[in-house]
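>>> Quick one, fold the following:
(one chain, ligands or ions: 1)
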Amino acid sequence: MATGSQSKVGRNPMRQAKRTTGHSEQHIVNSAVPSAPRESIDNLATSSQYTVSTELIEVEEHDSLSEQEISSWAPLKLTARGGRPGAYTPPLRQKSSDGNTSRNETKKEIQEDDEATLRELLISLQKQVTVMSMNLSAKLDELQRGDRHLETTVALCEIRTQLQELTKSVESCQSEVSEVKRDMVAIKHELDTVQQVKEEIEELREYVDRLEEHTQRRKLRLLEQGLTAFLSYAIFAAVLGMLQFGYNTGVINAPQSNIEYFIKDVYKSRYAEDLPEEIVKTLYSVAVSIFAIGGMIGGFGGGIVANKFGRKGGLLLNNILGVAGGCLMWCTKVANSYEMLFFGRFIMGVNCGLNTSLVPMYISEISPLNLRGGLGTINQLAVTVGLLISQVLGIEQILGTSEGWPLLLGLAVVPALMQLLLLPVCPESPRYLLITKQWEEEARRALRRLRASNQVEEDIEEMRAEERAQQAESSISMLELICSPTLRAPLIIGIVMQLSQQLSGINAVFYYSTDLFESSGLSPESAKFATIGIGCIMVIMTLISIPLMDRMGRRTLHLYGLGGMFIFSIFITISFLIKEMIDWMSYLSVVSTLFFVQFFAMGPGSIPWMITAELFSQGPRPAAMSIAVLVNWIANFLVGIVFPSMKSYLDNYTFLPFSAFLALFWTFTYKKVPETKNKTFEEILALFRKENESEGENNTPSTVPPQQESNNVSDTKL
Ligand SMILES: OC[C@H]1O[C@](O)(CO)[C@@H](O)[C@@H]1O
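Sure, this is the predicted structure:
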């Protein structure tokens with residue numbers, strides 16, 4: 001307030017006049033110049049009364065301004081001068097420092113008080129000037145009528161000058177008022193803009209809320225979808241491929257001695273000499289393992305086939321290999337050629353490798369979200385059924401004879417022919433049609449048939465969302481997949497899950513269970529039945545795990561599975577170690593093996609197949625499946641090859657390396673594997689993308705400290 005006053009003093013023409021006059025003049029000025037107007041301008045805002053008092057002029061203005069009018073000047077000075085000496089600071093410039101509160105206060109002050117106050121100030125100033133002029137004119141007349149003519153004239157001149165200055169002062173005041181007015185308009189404009197932005201933000205928030213609600217509703221509807229007859233049919237037709245895999249895995253075990261005799265016979269009939277026993281064993285192991293080599297090739301090529309011919313298309317074509325492989329093995333004896341057996345096994349391997357890639361992909365892509373886990377487990381159920389069928393058919397009473405074994409191997413044509421018959425009426429994967437091929441109408445038609453409903457828009461929307469989410473990484477090649485930082489984590493998880501299935505030692509049990517049981521004290525007959533018992537347990541437990549998959553979640557079941565396998569692998573070792581001392585310990589090994597297999601069926605048997613397909617969106621899924629399936633087949637092959645040597649080197653400790661692997665895989669699953677249950681492919685993708693972004697932000701190394709909560713995004717860091 002004082003500053004405001006001072007600023008005015010500097011510009012006050014009356015003060016200037018006072019400073020430039022001499023002593024005698026000073027008297028004249030003092031006596032002639034009306035001090036009250038000068039004071040009234042200086043103290044305009046603070047004075048509650050206005051008095052003109054000189055020797056010559058006495059103007060009482062007290063009555064002309066009300067108390068209210070005067071007190072209302074104070075806020076005007078405050079806002080108009082802004083506390084900066086000699087310069088007017090518009091309130092507009094204060095807004096940034098004071099924020100919203102100051103803006104609102106300023107707005108209130110200006111809008112409610114200042115406008116009226118400024119107007120009143122102007123009016124009162126004009127009034128004062130008018131009153132003063134009138135008073136002065138009256139006094140002038142009075143003086144002109146008097147004798148002191150000369151002094152009066154001088155005084156009058158001074159008064160006139162002062163009056164002019166006063167007028168100027170009023171004018172400058174007016175211009176300040178207009179300035180304030182202009183600022184007020186600007187502030188109002190700015191406040192309007194702020195209001196507008198506020199409204200826009202509010203609208204956007206509402207839009208986001210609506211969108212979230214819509215996504216939630218869509219997901220709920222997706223979770224309500226049921227299993228239709230046609231979907232069951234399509235799944236049955238597709239999993240025949242996995243049954244084929246199980247059958248060919250198990251079929252070679254039972255007729256081992258028959259096949260070895262056949263190899264010897266062929267050799268003798270060709271070269272008229274006996275083949276050494278070791279070479280016979282080696283040739284038999286070629287017949288066994290060449291299947292896994294074919295599996296690696298087929299598994300690796302699965303991604304290319306899936307993209308080129310589609311999932312269903314690829315499966316149909318693959319059956320040509322199935323029929324060809326089956327026929328070759330069937331005709332082996334008639335053709336008197338073990339080479340034919342090897343070739344047939346190799347072709348069957350390629351066929352099964354392709355199946356392990358194409359079937360889980362097709363099933364996960366046609367399944368409704370809420371059934372994806374359960375239906376994914378059907379893959380492994382088919383494998384176990386295939387294995388059991390081969391074990392049962394392989395007993396001596398059925399086809400496990402020197403005459404029956406070619407047919408036993410040749411029966412592999414049955415699943416292939418059945419699939420050729422059943423699959424053509426099934427639709428192609430709608431995801432493949434929509435996302436890969438961009439054939440929306442065909443995708444809609446396929447979905448309508450699978451869901452037995454015309455309401456398929458939720459599925460279409462969900463697929464579109466997946467497509468949008470993966471846009472940045474569409475059409476991924478294997479090299480791009482390996483190099484992509486976003487996909488690295490799911491790829492490593494997919495690979496480790498496959499390794500956890502094979503390096504758990506399951507095939508050590510499957511390929512060598514009869515042998516194992518015999519060496520732990522069972523008779524050959526009992527050992528064979530114990531092996532069949534294992535096959536049955538496997539089928540039953542896999543069946544039991546189907547409803548659990550979408551209730552307990554993949555991660556939980558995998559952890560239970562690996563944990564149980566770890567415990568019973570230790571029991572197997574213990575039973576081996578003390579079987580010499582305690583007789584009934586051989587039964588402990590059988591029971592432990594049964595439990596070991598039971599825990600395998602609970603999770604590690606089926607989850608790796610489905611989770612690999614779940615961890616990736618449409619673009620990188622085929623390439624990821626290829627790599628993961630290849631790893632599975634390599635590990636499968638290695639266990640098959642290495643286990644006999646392991647057995648002779650480690651003896652009773654043969655299962656210990658598997659125990660160590662199981663502990664390792666359990667820890668990995670606990671720390672890194674996210675839950676995919678009831679998550680859309682888009683959500684799973686977002687999970688890894690978010691994790692990758694936060695990794696980028698934190699600039700942390702790729703291995704992160706352990707996290708407690710599995711479902712947490714950061715759990716997926718690798
Ligand atoms: O059921 C046991 C079988 O399952 C697989 O792990 C495939 O899932 C095979 O390698 C194994 O022989």
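>>> Quick check: residues of this protein near the ligand?
Residues of the chain lying near the ligand by Cβ under 6 Å from any ligand atom: 249, 380, 383, 384, 387, 501, 506, 507, 510, 538, 605, 636. Just so you know, the C-beta spots here come from the backbone N, C-alpha and C atoms, and that holds for glycine as well.
>>> For the first one, give me the pLDDT.
Going back to what we said before, that points to residue 249. pLDDT, residue 249: 93.
>>> what's the answer for the fourth one, then?
In this prediction, residue 384 carries a pLDDT score of 96.
>>> Could you verify my assumption that it touches residue 601?
Yes: under the criterion of Cβ atoms under 8 Å, residue 384 lies in contact with residue 601, with a separation of 6.9 Å.
>>> Residue 455: helix or strand, and which one exactly?
Counting by DSSP states H and E, no helix or strand carries residue 455.
>>> Just give me the neighbour total for it.
11 (other Cβ atoms under 10 Å).
>>> backbone phi and psi for it, please?
Dihedral pair for residue 455: phi -80, psi 80, per degrees, to the nearest 10.
>>> do you know how far it is from the ligand?
Separation of residue 455 from the ligand (Cβ to the nearest ligand atom, to the nearest Å): 35 Å.
>>> pLDDT wise, what is that residue at?
What the model reports as pLDDT for residue 455 is 81.
>>> domain ranges for this protein?
2-83+100-162, 224-426+470-697, 427-469 (automatic domain parsing).
>>> between those, which gets nearest to residue 202?
domain 2-83+100-162 (15.4 Å; Cβ to Cβ).
>>> Would you mind checking the average pLDDT for that closest one?
Rounded mean pLDDT across domain 2-83+100-162 is 54.
>>> Residue 384 and residue 601: which is more packed in?
The neighbour comparison of residue 384 against residue 601 (other Cβ under 10 Å) goes to residue 384, with 28 against 24.
>>> Identify the residues contacting the more buried one.
When contacts are counted by Cβ atoms under 8 Å, 6 or more residues apart in numbering, residue 384 touches 246, 535, 538, 539, 542, 601, 605.
>>> Quick check: the fifth one touching residue 381?
Yes: the pair residue 542 / residue 381 is scored as a contact, 4.6 Å apart, by Cβ under 8 Å.
>>> what sits in contact with each of these two?
Contacts common to residue 542 and residue 381, judged by Cβ under 8 Å, 6+ apart, are residue 606.
>>> any low-confidence regions in the stretch 201-350 of the chain?
Scanning the stretch 201-350 of the chain for pLDDT under 70 picks out 219-225.
>>> which residue does it bring closest to the ligand?
With Cβ to the nearest ligand atom as the measure, residue 249 is the residue of the stretch 201-350 of the chain nearest to the ligand, at 4.7 Å.
>>> And the strands in the chain?
51-53, 58-60 (DSSP state E).
>>> re the thing from before, are there residues contacting both of residue 384 and residue 601? Which ones?
In contact with both residue 384 and residue 601: 538, 542, using Cβ under 8 Å, 6+ apart.
>>> just the helices in the stretch 401-550 of the chain please.
For the stretch 401-550 of the chain, the helices defined by DSSP state H, counting those that start in this stretch cover 405-410, 413-422, 430-431, 440-451, 457-470, 478-483, 485-502, 506-519, 524-552.
>>> buried ones in the second one?
Of the residues in helix 413-422, 413, 414, 415, 416, 418, 419, 420 count as buried by neighbour count, 16 or more other Cβ atoms under 10 Å.
>>> what comes into contact with that helix?
233, 236-238, 240-241, 243-244, 247, 315-316, 319, 322-323, 326-327, 330, 351, 386.
>>> how about that helix as PDB, C-alpha atoms only?
Extracted in PDB, the C-alpha atoms of helix 413-422 (Å, rounded to 0.1, in the frame of the first residue of the first chain):
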ATOM      1  CA  VAL A 413      -1.700 -95.500 -39.400                       C
ATOM      2  CA  VAL A 414      -4.900 -95.700 -37.400                       C
ATOM      3  CA  PRO A 415      -4.800 -92.300 -35.600                       C
ATOM      4  CA  ALA A 416      -3.500 -90.700 -38.900                       C
ATOM      5  CA  LEU A 417      -6.400 -92.200 -40.900                       C
ATOM      6  CA  MET A 418      -8.900 -91.200 -38.200                       C
ATOM      7  CA  GLN A 419      -7.700 -87.700 -38.300                       C
ATOM      8  CA  LEU A 420      -7.800 -87.600 -42.000                       C
ATOM      9  CA  LEU A 421     -11.400 -88.600 -41.800                       C
ATOM     10  CA  LEU A 422     -12.500 -86.400 -38.900                       C
END
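>>> Return the distance of that helix from the chain's centre.
40 Å (Cα atoms, centre = their mean, to the nearest Å).
>>> mind listing which of the contacts of helix 413-422 are in helices?
Applying DSSP state H to these, the entries found in helices are 233, 236-238, 240-241, 243-244, 247, 315-316, 319, 322-323, 326-327, 330, 351, 386.
>>> hmm, which of the residues you listed are the buried ones?
For those, buried by 16+ other Cβ under 10 Å: 236-238, 240-241, 243-244, 247, 315-316, 319, 322-323, 326-327, 330, 351, 386.
>>> Would you point out the most distant pair within the residues of the chain next to the ligand?
Checking the residues of the chain next to the ligand with Cβ to Cβ, the most distant pair is 538 and 636, at 15.9 Å.
>>> out of these two, which sits in the busier spot?
Neighbour count, other Cβ under 10 Å: between residue 538 and residue 636, residue 538 has more, with 28 against 25.
>>> Now the more buried one: closest residue in space, sequence neighbours ignored.
In space, and not counting its chain neighbours, residue 538 is closest to residue 384: 4.4 Å by Cβ to Cβ, 6 or more residues apart in numbering.
>>> From residue 680, how far out is that neighbour?
To residue 680, residue 384 is 29 Å away according to Cβ to Cβ, to the nearest Å.
>>> Tell me which residues touch residue 627, please.
300, 478, 481, 482, 491, 494, 495.
>>> what's the third one in contact with, if anything?
Spelled out, that is residue 481. So residue 481 contacts 487, 491, 620, 623, 624, 627 (Cβ under 8 Å, 6+ apart).
>>> let's see 10 Å
303, 473, 487-488, 490-491, 616, 619-624, 626-627 (Cβ atoms under 10 Å, 6 or more residues apart in numbering).
>>> residue contacts, residue 503?
Residue 503 neighbours (Cβ under 10 Å, 6+ apart): 496, 635, 636, 638, 639, 657, 658, 660, 661, 662, 664, 665.
>>> How about residue 311?
By Cβ under 10 Å, 6+ apart, the contact set of residue 311 is 238, 302, 305, 357-366, 426, 428-429, 431-433, 436, 622.
>>> From the ligand, how far out is the closest residue in space to residue 376 that isn't next to it in sequence?
Nearest in space to residue 376, with sequence neighbours left out and distances taken as Cβ to Cβ, 6+ apart, is residue 610 at 2.9 Å. Taking Cβ to the nearest ligand atom as the measure, residue 610 falls 11 Å from the ligand.
>>> pretty sure residue 610 contacts residue 381?
No: the criterion here is Cβ atoms under 10 Å, and residue 610 misses it with residue 381 at 11.7 Å.
>>> Show me which of these two is the more surrounded one.
residue 610 (26 against 23).
>>> Now do the same contact list for the closest residue to residue 231 other than its chain neighbours.
Here the nearest residue to residue 231 in space, its sequence neighbours aside, is residue 450; by Cβ to Cβ, 6+ apart that works out to 5.0 Å. Counting by Cβ under 10 Å, 6+ apart, residue 450 touches 225, 228, 230-231, 233-235, 366-368, 426-427, 429-430, 456, 459.
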